[in-house]
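Undergrad: return atomic coordinates for the entry below.
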Amino acid sequence: MKQFKYDEAMAEMETLLKKIEDPSADITKMSDEIKRVTELTRLCRNYIKGKEEEVDKIVNEE
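TA: Predicted structure coming up:
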């Protein structure tokens with residue numbers, strides 16, 4: 001499995017959102033793009049939550 005990279009996920013989401021927001025967007029592809037954005041959002045939230053927990057652990061050790 002490929003290692004998660006937050007910056008790459010955010011860049012992919014931005015690209016997909018631009019495609020979705022385009023008035024000439026292909027409606028047949030839009031469902032797959034929305035699903036991918038949803039998955040990337042979940043991954044990014046989990047990543048941020050993990051980083052917050054790491055910071056809290058460091059702060060509480062002192």
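Undergrad: please count neighbours and contacts with C-alpha atoms only from this point.
TA: Will do.
Undergrad: where does the chain have low pLDDT?
TA: 1, 62 (pLDDT under 70).
Undergrad: all strands of it, in order?
TA: For the chain, no strands are identified by DSSP state E.
Undergrad: longest helix in it, by residue count?
TA: helix 27-61 (DSSP state H).
Undergrad: now for that helix, which elements pack on it?
TA: helix 6-21 (3 or more Cα pairs under 8 Å, 6 or more residues apart in numbering; DSSP states H and E).
Undergrad: show residues contacting the helix it packs on.
TA: For helix 6-21, the surrounding residues in contact (Cα atoms under 8 Å, 6 or more residues apart in numbering) are 25, 30, 33-34, 37, 40, 44, 47.
Undergrad: restricting to C-alpha, output that helix in CSV.
TA: The C-alpha trace of helix 6-21 is given here as CSV (Å, rounded to 0.1, in the frame of the first residue of the first chain):
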residue,chain,number,x,y,z
TYR,A,6,-1.3,14.8,2.9
ASP,A,7,0.0,17.4,0.4
GLU,A,8,-0.6,15.1,-2.5
ALA,A,9,-4.1,14.2,-1.3
MET,A,10,-5.0,17.9,-1.0
ALA,A,11,-3.7,18.7,-4.5
GLU,A,12,-5.7,15.8,-5.9
MET,A,13,-8.8,17.1,-4.1
GLU,A,14,-8.4,20.6,-5.5
THR,A,15,-8.0,19.2,-9.0
LEU,A,16,-11.1,17.0,-8.7
LEU,A,17,-13.2,19.8,-7.2
LYS,A,18,-12.3,22.1,-10.1
LYS,A,19,-13.5,19.4,-12.5
ILE,A,20,-16.7,18.9,-10.5
GLU,A,21,-17.4,22.7,-10.3
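Undergrad: and it, how far from the chain's centre?
TA: 8 Å (Cα atoms, centre = their mean, to the nearest Å).
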